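Undergrad: prediction below, plus the sequence it came from.
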Amino acid sequence: ARVAVTAPAGRGGTLLLDPHDAEIGAFGEDSGGSGAFSSWGNGFPFTWFPVDSPSRLTWSTIGGQLATGTSVVVTTGFEGDSGSGSGSITVRDASPFLTGSGALSLVAQGNIRLEAPISFVGGRVSLIAGWDGFVPTSRPAVVPGVGTITQSAAGFLAVGELLARAGGSVDLTTALANTVGTVAGEAVGRFALTGTSNLTVGQVDGFAGIRVRALDGGAARVDLQTMAGGTLTVQQPVVALGDGYSPLARRLGGAEEVTQVNLTADGALTISGPAGDAQALVVADAGGGLSAHPRDAAVSLTSTGANV
């Protein structure tokens with residue numbers, strides 16, 4: 001079959017072909033998909049390809065691959081696949097205590113939802129929502145405005161390194177038991193993470209720091225918080241870039257939005273970049289140009305139990 005997508009008399013847009021949905025859990029067996037590539041050796045990851053919605057991949061399969069040092073990539077299908085889902089990945093059941101030198105990546109064309117915990121202490125987990133549907137790499141492209149990353153109260157993360165990238169928002173504040181060693185990522189609108197461990201904003205799988213931008217007007221926001229004595233250390237840039245909506249809203253008498261970075265630690269809050277690096281590490285820019293007002297952007301640095 002052939003699909004014509006030209007727009008000779010108008011502007012080009014986005015063609016959406018329904019991808020598949022994937023679920024990860026303690027199912028009796030894998031179904032609705034297949035794994036490939038890991039048998040090729042030479043560092044190729046085990047990659048899950050759905051052929052039905054929802055496809056189901058067991059933690060047993062994932063844990064077995066990781067234990068051998070093989071990385072695992074769970075996808076929702078490639079660009080052009082004809083599925084019946086929305087391209088979401090949902091973690092239905094708690095993972096076992098995962099081990100191994102490989103990394104776990106969830107790469108969804110739609111949303112990622114954690115309904116149960118992922119425990120990979122010392123390991124690296126990448127959550128990519130709003131993927132454009134092309135071959136997953138270490139940094140797959142995401143589509144602005146598409147895909148969110150969320151969790152339930154039970155869906156906590158216990159991981160050494162977390163890369164969270166979404167074309168929409170990232171909200172990992174519901175499960176207060178999150179324990180993440182190092183975090184990096186990007187989002188549109190808001191990136192938020194709350195946890196109980198010492199947290200470092202650093203570099204994960206080649207992606208440095210946290211970047212949030214607004215889409216089609218509006219504010220951008222970063223909220224990072226540690227509790228239970230956890231420290232917060234910023235070693236790579238934390239940047240929120242608005243789109244100039246706040247000044248316009250003020251002039252029109254509408255609701256005021258403020259681009260902001262809020263860093264809150266129960267323990268010490270430390271901002272310390274690489275030696276000799278003069279770049280700003282915490283940035284809130286309203287994006288309003290000459291019309292911006294000082295109140296359109298704000299940075300808040302708070303330590304409730306120690307020093308900043």
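TA: On my side now, so go ahead. Numbers count the residues shown, from 1 in each chain.
Undergrad: how about the strands of the stretch 201-308 of the chain, start to end?
TA: 203-204, 207-208, 210-213, 221-226, 232-234, 238-241, 259-265, 269-271, 282-285, 297-303 (DSSP state E, counting those that start in this stretch).
Undergrad: now render those as a markdown table, adding distance to Gly160 and mean neighbour count.
TA: C-beta: built from backbone N, CA, C; applies to glycine. A markdown table is the format used below for the strands of the stretch 201-308 of the chain (distance: least, C-beta to C-beta, whole Å; neighbours: other C-beta atoms under 10 Å):
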| stretch | distance to Gly160 | mean neighbour count |
| --- | --- | --- |
| strand 203-204 | 10 | 20 |
| strand 207-208 | 15 | 16 |
| strand 210-213 | 17 | 24 |
| strand 221-226 | 16 | 24 |
| strand 232-234 | 15 | 22 |
| strand 238-241 | 20 | 23 |
| strand 259-265 | 19 | 23 |
| strand 269-271 | 19 | 18 |
| strand 282-285 | 24 | 20 |
| strand 297-303 | 24 | 16 |
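Undergrad: what's the closest of those to Ser86?
TA: Nearest to Ser86 among the strands of the stretch 201-308 of the chain is strand 210-213; the distance by C-beta to C-beta comes to 23.7 Å.
Undergrad: flag the shaky bits of this structure, pLDDT-wise.
TA: 1-18, 36-43, 78-84, 135-138, 217, 244-257, 274-278, 288-295 (pLDDT under 70).
Undergrad: please go through it and pick out the longest strand.
TA: strand 118-129 (DSSP state E).
Undergrad: for that one, which helices and strands make contact with it?
TA: If you count contacts as 3 or more C-beta pairs under 8 Å, 6 or more residues apart in numbering; DSSP states H and E, strand 118-129 packs onto strand 103-108, strand 112-114, strand 157-166.
Undergrad: quick one on the thing from earlier: reformat the strands of the stretch 201-308 of the chain as JSON lines; add distance to Phe46.
TA: Formatted as JSON lines, the strands of the stretch 201-308 of the chain follow (distance: least, C-beta to C-beta, whole Å):
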{"stretch": "strand 203-204", "distance to Phe46": "20"}
{"stretch": "strand 207-208", "distance to Phe46": "22"}
{"stretch": "strand 210-213", "distance to Phe46": "29"}
{"stretch": "strand 221-226", "distance to Phe46": "32"}
{"stretch": "strand 232-234", "distance to Phe46": "33"}
{"stretch": "strand 238-241", "distance to Phe46": "33"}
{"stretch": "strand 259-265", "distance to Phe46": "37"}
{"stretch": "strand 269-271", "distance to Phe46": "38"}
{"stretch": "strand 282-285", "distance to Phe46": "38"}
{"stretch": "strand 297-303", "distance to Phe46": "42"}
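Undergrad: nearest to Gly122 among those strands would be which one?
TA: strand 203-204 (13.4 Å).
Undergrad: the closest one: how far from the chain's middle?
TA: 13 Å (C-alpha atoms, centre = their mean, to the nearest Å).
Undergrad: center of this protein - which residue?
TA: Nearest to the mean C-alpha position of the chain, by C-alpha atoms, centre = their mean, lies Ala164 at 2.2 Å.
Undergrad: so what's that one closest to, chain neighbours aside?
TA: Of all residues not flanking Ala164 in the chain, Gly185 sits nearest, at 3.8 Å (C-beta to C-beta, 6 or more residues apart in numbering).
Undergrad: so what's that neighbour bridging to?
TA: Beta-bridge partners for Gly185, by DSSP bridges, are Ala164, Ile210.
Undergrad: I figured Gln109 hits Ser53, correct?
TA: No - taking contacts as C-beta atoms under 8 Å, Gln109 lies outside contact range of Ser53: 11.9 Å.
Undergrad: more neighbours: the two, which one.
TA: Gln109 (33 against 21; other C-beta atoms under 10 Å).
Undergrad: ok, that one - contacts?
TA: The neighbours of Gln109, taking C-beta atoms under 8 Å, 6 or more residues apart in numbering as the test, are Pro19, Thr76, Gly77, Gly87, Gly130, Trp131, Asp132, Gly133, Val146, Gly147.
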